[in-house]
Every structure is written in structure tokens, then in C-alpha cells.
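Engineer: I'd like to go over a predicted model; first the sequence, then the structure.
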Amino acid sequence: MLLSWPESAAASTRRVAQLARALEALQPPELLEWVPGLDSLALLYDPSRIGLSDLEPLIHGALLLELPRSGAGESHRVPTCYHPSLAPDLLEVAECLGLSLEEFVVQHTTCEFEVVLLGFAPGFAYLEGLPENLHVPRKASPRVRVPGGSVALGGAQCAVYPLESAGGWQLVGRTPLRLFDPTLERPSRFQLGDRVYFEAVSLEVYRELEAAAGLTSSRSAL
Amino acid sequence: MTGLSESGLSESGLPEPGPPEPGLWVQAAGLLTTVQDLGRFGGLRYGISVCGALEGDHLRLVGAAVGNAVDAAALELSGGPVRLELWQPTWACWLGQGPSSLESGRPERVTHFETTGRGILALAGGIAVPKVQGSRATDLRAGFGGLEGRALRRGDFLRLGPPPPDPVSTSPRWRLSPLRLEGAVRVVRGPEWNLLSLETQRNLEQIIFRVSAQSNRMGLRLESQLLETHFPGEMRSSAVLPGTVQLPPGGRLIVLLQDAGTVGGYPRILSVAAVDLPRLAVMAVGSEFRVQLISSEAAVLALLEREKELRTLLWSIALRRSQGTG
């Protein structure tokens, strides 16, 4: 079952996040799973156990659940190294935006981002809150290999690649934070509605944090 | 759960006879052999794909035939020469296509298995890899689950779980037959069905689709005449599932399969009825088929009917096992 909201982008994203948080709190046994989109929410159920009509009271109940509105999510400070050796698109992006490298870093680290969608890859969070003067088009052809931890810009959004994968976004930084760990009960560090801030760190600090996190920059499994 | 240790290898590269523990040694791994179960649920909202066997219904049957629990993992083979050596006689059931050392659908106690075909192999006790996010299925893209999140390689050693109580003393005389597709692939309208041009909507059932060589466990790419849409530009990302049929700007359909991502931005023109998805998912490259548009109510009914058939079959397997004959 797919619920969608034909409202303005911001309003529908808020509605989805609200309902998703309500479901997270209720953990209804009727549902196998729910999948928030940007302006939609998919509900998965087992038709051999319940019918479509059984879902209606559940949704109405969840929508009525009083939850603190936005701002309830956690805040994350993401140490990020904006060094060209870890951010292959940084110089080009800054130039394209008409900014110096320093100006770009200052602007990016003063943004307040909100997690509006998790998907594409495990723990991959779509972050909204990029001012228009930092919007850059995606790469004409996607990279085959984007290192895990890459901080990236794509159109109006920002994201961090949790694991090494292919990808077409512009890579402007790298964080040593581990954003996805399949062995944890909540495998994704970022949750829908969370706030995310980036903090600039030097290459030395990045290396130290990386060593502490036991994260190696190359993964062979992919 | 790791590959064979160095000390276990003789000069010929073959292992010395090891301790008689339940397990198997991969002598040839085929094109893509993976550890799979019925899939991983509960993590879609974190971006974790479902994964699991393409033919989940077949997995349930072969698993039951060797007495395994419903959450036990089996091996999914996608063709190419596979050779497995069991370290002790083990009940096995293979349901697949192509020549194999074990008759398809007939459980037998073996010490060796060999095939070049595609299908599912269940071994008594199940493949004993740890559950990650509630499942033993291999997530090839994210690199976890199954054996180290990857396909099997020559030289791998896999442990098996404790064998289930084994009342079958002689080889059973019964045999499972694979489920088949009858006629066209049943599909229902997807959320963005209306983006398809009216003419394409009307002619959909006449179009012949062919499975492209670029297909994999993430999706089946279909070749056909170009499908016309009135596409309003970029769609806002929304949930997709195994069975979702996307229409990218190129005009050719992609049927998403078990390893697909969890959200997508292409119009979801159709969904394949869950009852027919396993058969479509393993169609050979070059196979041709048509689709039949049905209502979502009819799709649910067909699935429930199949579920009833399957459960009847599973019960009769359990009964025959407990009686020891067929």
C-alpha cells in the first residue's frame, strides 16, 4: 500500500516524517515494514495474514499520535576533511559556484541539514538544507567507485556515502565517521528527521579519527 | 565461516581430510553462487535491500524436503560449473534446471554435488552463517550477510547447522516438481501507470518483452519496442520493491529484483504479481514473454491460492518425512 501526499515538497516531507516516526514508536505487528519516500510512504503487509482494509484504522491511529514536531530528531556533528586529496570534486565545485575553497567550506559548515530520506544504499541519507547558491549539477557520468565516507552534493541535496559504491554526486569532503553498521540494531547512524552539521577538520585530525574508527579507506567487498 | 585456512591445504591445493564436521567445500563456484534465505525485512527504511532467494517459493520446498527450519539458508546457483564436496553424508535437495548429479526435486543423502544449471540447493541443517539484520541472505551490493557479503569462491568452506531430526531412513520415492509459469506474466498497474501514453496502455498486452543480457539480481532489463510516456521530469524518490517495474527515460522496462535499492526516482509503471515474480526472475537471457494486466485484488487472490498450494505441499512433505517413506 502506497500513501502519497500531493502537497508542497516541504509539507509532504514533514507529513511522511511524522507518520514514519509514529510507526517507529508503535511498531505495529500488522506491518512487515514501511518505507518513507520524499512525499510518500509505502506500507508492506502480508496478505495471507491481514487485508488492506485492516490497515486503515492503523494509519488513522498513527496519524493521531501526538509526537513532538520537528526538532525532535537527534543532532549529529560530522567531522569532515575538505582536503582535495580526499575530495576529488572540491576545487571544480568551488570554481563552478564562484567561491574560493575557504568560502565554500565556511558556507557548507554553516548549513543546517535535515535527513529527509534514507535509501539508494544502506544508510544513505538525503540531506536537505543546502542554500541555492551551493546547488551543483550531478556529474555527467557517475563514478564507478566512490569511497565510503564521501560527503557529496547532488542538485539541491547533500549526502554522505556510507559505504563504497558507484555514484554520480560531486565529492566535496570525507568523514571518518561510520554511518552504517549492519551489526547494530539501528544500523543507520542518521534517522529520518535528524539534524546534521558538518565540521571542518584537518587532514591530520581526519587520519587520527579514521585510525580510531578502525575504518580503512579501501573496501574490497565491492 | 571463512575460507579454507592455509594449513589445511596440501601441495596439490586440495584440502587434507579434515575433522568430520558438517560442512561443505567449494571445488568450483559457478558464475554466481550465493547463500540466500527468504530475505531481509525490517531494514528497508534504512536503505537495506531485501535480498534473499529469487525463487523464495522453491527455497521453502527444498528446505522442507531436507527437514530445515523456515529461516534456514540454502545456496542459490545461477549457472556455470559448480562442484561441492560434503564432509559427511548429508541430505540434500536440488530444484533447478540443467544437468546435475542430483535429480531435481528428489531429496537424497550425498557426499558430493555437481551441476552446471541454475536453481536452489538445500542441505540438511542449512548453511550456518550468522544472521545479519535478521537474515542470512547475501547482500552483494552492501557487502554483508551470507559468506562475507560475497559470492562463493573456489576453496571456500561453509559450515552446516546441526542436522534436523532425520527420520528418513531410505531415499524417499517422492519428487518435487518445479512451479511453472502458465501463460503470460501477470502484472498490476503501478503508482505511475498514468504516465504511460494511452496507446501504450491499450497495447501493453500485445508487446513482446525479451530478457536482456544486462540483467542481474538487482533487476531484469527488458528489451522491447520503446514505450512512450508523458514524463513530467524528475520524480520525487519513493519506495520500490522486488517486482516493481520502472520505466527510465530510455523507454525500456526494468523489473526490480531482490537486490534492488529501496527507493527510486523512475516512474513505477507496473508491478509484477508476487505469484509470478520468482519465475520471471530466473528467466534465461533471451527468453520472450507477454504480460497480462490484472487487478490488485486478483493478484492478492492468486498469491493466496499459491500460498495454500505451497502449505499443502509443505505439510505433505513433513508427513512423508515422519513416515520415512514416500
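Structural biologist: Arrived safely, thanks for sending. Residues are numbered from 1 along each chain as shown, chains lettered A, B, ... in the order given.

Engineer: Name the residues of the biggest helix by length in chain A that are buried.
Structural biologist: Determined from DSSP state H, the single longest helix within chain A is helix A:9-26. Going by neighbour count (16 or more other Cβ atoms under 10 Å in any protein chain shown), the buried part of helix A:9-26 is A:Ser12, A:Thr13, A:Arg14, A:Arg15, A:Val16, A:Ala17, A:Gln18, A:Leu19, A:Ala20, A:Arg21, A:Ala22, A:Leu23. C-beta here means a position set from N, CA and C on the backbone, and glycine is covered the same way.

Engineer: repeat for stretch A:82-96
Structural biologist: A:Tyr82, A:His83, A:Leu86, A:Ala87, A:Pro88, A:Asp89, A:Leu90, A:Val93, A:Ala94.

Engineer: and these, which two are the farthest apart?
Structural biologist: The distance between the two most remote of the buried residues of stretch A:82-96 (Cβ to Cβ) is 14.7 Å, for A:Leu86 and A:Ala94.

Engineer: Quick one: distance of stretch A:125-136 to the chain centre.
Structural biologist: Centroid separation between stretch A:125-136 and its chain, computed with Cα atoms, centre = their mean, to the nearest Å, is 12 Å.

Engineer: and if you look at stretch A:94-112?
Structural biologist: 20 Å.

Engineer: Just the buried positions in it, please.
Structural biologist: A:Ala94, A:Leu97, A:Leu99, A:Leu101, A:Phe104, A:Val105, A:Gln107, A:His108, A:Cys111.

Engineer: The third one in helix, strand or coil?
Structural biologist: Read that as A:Leu99. When classified by DSSP: H, G, I helix; E, B strand; the rest coil, A:Leu99 comes out as coil.

Engineer: What of the first one?
Structural biologist: Reduced to three states with three-state DSSP, the structure at A:Ala94 is helix.

Engineer: Quick check, the residue in the stretch 51-200 of chain B closest to chain A?
Structural biologist: Closest approach between the stretch 51-200 of chain B and chain A, counting by Cβ to the nearest Cβ: B:Gly143, at 3.1 Å.

Engineer: so B:Leu107 makes contact with B:Ala65?
Structural biologist: Check again: residue B:107 is Pro, not Leu. Yes - the criterion here is Cβ atoms under 8 Å, and B:Pro107 meets it with B:Ala65 at 4.4 Å.

Engineer: overlap in contacts of those two?
Structural biologist: Common contacts of B:Pro107 and B:Ala65, defined by Cβ atoms under 8 Å, 6 or more residues apart in numbering or on different chains, comprise B:Cys93.

Engineer: okay, now the closest residue to B:Gln97 other than its chain neighbours: neighbour count?
Structural biologist: Nearest non-adjacent residue to B:Gln97, counting by Cβ to Cβ, 6 or more residues apart in numbering or on different chains: B:Gly117, 4.8 Å away. Here the count is done by other Cβ atoms under 10 Å in any protein chain shown, and B:Gly117 has 18 residues near it.

Engineer: Please list all residues in contact with B:Gly117.
Structural biologist: B:Leu77, B:Gly79, B:Gly96, B:Gln97, B:Gly98, B:Pro99, B:Ser100.

Engineer: Please spell out which residues along the helix or strand bottoming out on mean pLDDT in chain A are buried.
Structural biologist: Sorted by mean pLDDT, DSSP states H and E, the helices and strands of chain A end with strand A:2-4, the least confident at a mean of 77. Residues A:Leu3, A:Ser4 are the ones in strand A:2-4 that count as buried (16+ other Cβ under 10 Å).

Engineer: May I have the strands that pair with it, each with its orientation?
Structural biologist: Strand partners for strand A:2-4, identified by DSSP bridges, are recorded as strand A:40-45 (antiparallel).

Engineer: neighbouring contacts of the partner strand?
Structural biologist: With contact meaning Cβ under 8 Å, 6+ apart, strand A:40-45 is reached by A:1-5, A:12, A:16, A:19-20, A:30-35, A:52, A:54-55, A:59, B:41, B:44, B:191, B:236, B:238-239, B:241.

Engineer: cool, stretch B:295-309 as well?
Structural biologist: A:Pro47, A:Ser48, B:Asp57, B:Leu179, B:Arg186, B:Val188, B:Arg189, B:Ser271, B:Ala273, B:Ala274, B:Val275, B:Ile294.

Engineer: ok, 7 Å please
Structural biologist: Residues from elsewhere that reach stretch B:295-309, judged by Cβ atoms under 7 Å, 6 or more residues apart in numbering or on different chains: A:Pro47, A:Ser48, B:Arg186, B:Val188, B:Ala273, B:Ala274, B:Val275.

Engineer: what do you get for stretch A:86-97?
Structural biologist: Residues from elsewhere that reach stretch A:86-97 (Cβ under 7 Å, 6+ apart): A:82, A:84, A:100-101, A:104, A:133-134, A:136, A:153, A:170-174.

Engineer: Bridge partners for the nearest residue to A:Leu130 once chain neighbours are set aside, pull those for me.
Structural biologist: Excluding its sequence neighbours, the residue lying closest to A:Leu130 (Cβ to Cβ, 6+ apart) is A:Cys158, at 5.3 Å. Beta-bridge pairing of A:Cys158 under DSSP bridges involves A:Leu127, A:Leu153.

Engineer: who touches the longest helix of chain A?
Structural biologist: By Cβ under 7 Å, 6+ apart, the surrounding residues in contact with helix A:9-26 are A:5, A:34, A:36-41, A:62-63, A:65, A:67, A:70, A:116, A:192-193.

Engineer: and stretch B:23-33, which residues are buried?
Structural biologist: B:Gly23, B:Leu24, B:Trp25, B:Val26, B:Gln27, B:Ala28, B:Ala29, B:Gly30, B:Leu32, B:Thr33.

Engineer: Show the average pLDDT along that stretch.
Structural biologist: What stretch B:23-33 shows for mean pLDDT is 96.

Engineer: What parts of chain A come near chain B?
Structural biologist: For chain A, the residues in contact with chain B (Cβ under 7 Å from any Cβ of the partner chain) are A:2, A:32-40, A:42, A:47-48, A:117-124, A:163, A:182-183, A:187-188, A:219, A:221-222.

Engineer: Just the ones of the residues you listed in strands?
Structural biologist: Applying DSSP state E to the residues of chain A next to chain B, the entries found in strands are A:Leu2, A:Leu32, A:Glu33, A:Trp34, A:Val35, A:Pro36, A:Ser40, A:Ala42, A:Leu117, A:Leu118.

Engineer: I'd like to know how many residues surround the residue of the stretch 51-200 of chain B closest to chain A.
Structural biologist: B:Gly143: 20 neighbours (other Cβ under 10 Å).

Engineer: any idea how far it is from A:Gly148?
Structural biologist: 10 Å (Cβ to Cβ, to the nearest Å).

Engineer: just B:Glu76 next, same as before
Structural biologist: Taking Cβ to Cβ, one finds B:Glu76 at 27 Å from A:Gly148.

Engineer: the more surrounded of these two?
Structural biologist: Ranked by neighbour count (other Cβ under 10 Å), B:Glu76 and A:Gly148 place B:Glu76 first, with 29 against 24.

Engineer: list the contacts for the more buried one?
Structural biologist: Shown in contact with B:Glu76 (Cβ under 7 Å, 6+ apart): B:Thr33, B:Thr34, B:Gln36, B:Ala53, B:Leu54, B:Ile120.
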